[in-house]
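1. Sequence and predicted structure are below.
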Amino acid sequence: MNQLAFNIGDEFWLKPNKAITGVPAYQSFGGFISAVLPNVYVIAGIILFVLLLAGGIMVISSAGKGESDSTKKGSQAITAALLGFLIIFASYWIIQLIEILTGVNIFQSGK
């Protein structure tokens with residue numbers, strides 16, 4: 001029988017395992033960051049999707065009506081979402097470079 005519930009710690013990589021410093025994950029700042037950081041990228045992706053969708057709907061709905069105010073707000077939302085995506089994308093690859101250069105596993109899955 002399939003379970004209807006799931007363990008949130010397993011799903012979001014929040015197991016108290018050994019982290020970067022060798023101590024349990026939540027007893028050091030580095031361990032906490034390595035447990036939370038992968039989830040931050042998921043949340044940022046969801047926010048990006050919502051902003052793109054809302055901005056696109058604003059632009060499309062106001063384009064036929066001639067409302068330049070709503071069109072401008074929609075295009076600003078799309079621009080903000082794309083700039084946010086570039087920042088998140090760059091930060092992910094910077095962390096990947098740090099992992100390669102230092103040999104420290106920051107994005108541990110805990111599984």
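-> Received it, and whenever you're ready, just let me know what you need.

2. give me phi/psi at I106?
-> Reported as degrees, to the nearest 10, the phi and psi values for I106 are phi -80, psi -40.

3. That one and Y92 touch, don't they?
-> No: assessed by CB atoms under 8 Å, I106 is found out of contact with Y92, at 10.6 Å. C-beta here means a position set from N, CA and C on the backbone, and glycine is covered the same way.

4. Tell me the helix or strand right after the lowest-mean-pLDDT helix or strand in the chain.
-> The weakest-scoring helix or strand in the chain, judged by mean pLDDT, DSSP states H and E, is helix 8-11 (a mean of 50). Where DSSP states H and E defines the elements, the next helix or strand beyond helix 8-11 is helix 29-63.

5. Tell me which other helices or strands that following helix touches.
-> Judged by 3 or more CB pairs under 8 Å, 6 or more residues apart in numbering; DSSP states H and E, helix 29-63 is in contact with helix 68-102.

6. What residues of the helix it packs on count as buried?
-> Within helix 68-102, the residues that count as buried by 16 or more other CB atoms under 10 Å are T71, K73, G74, A77, I78, A81, F85, I88, I95.

7. Could you pull up the mean pLDDT of it?
-> Helix 68-102 shows a mean pLDDT of 90.

8. between it and helix 29-63, how many degrees?
-> 150 degrees (axes from the mean of the first three to the mean of the last three CA atoms, to 10 degrees).

9. got the contact list for stretch 71-84?
-> With contact meaning CB atoms under 8 Å, 6 or more residues apart in numbering, stretch 71-84 is reached by 44, 47-48, 51-52, 54-60, 62-63.

10. how close does the closest residue to V59 other than its chain neighbours sit to M58?
-> Distance criterion CB to CB, 6 or more residues apart in numbering; nearest residue to V59, sequence neighbours excluded, is G74 at 3.8 Å. For G74, the distance to M58 equals 3 Å [CB to CB, to the nearest Å].

11. one step back: F32: which of the buried residues of helix 68-102 is nearest?
-> I95 (15.1 Å; CB to CB).

12. And for the residue nearest to that closest one when sequence neighbours are not counted, the neighbour number?
-> Of all residues not flanking I95 in the chain, I106 sits nearest, at 5.7 Å (CB to CB, 6+ apart). I106: 16 surrounding residues under other CB atoms under 10 Å.
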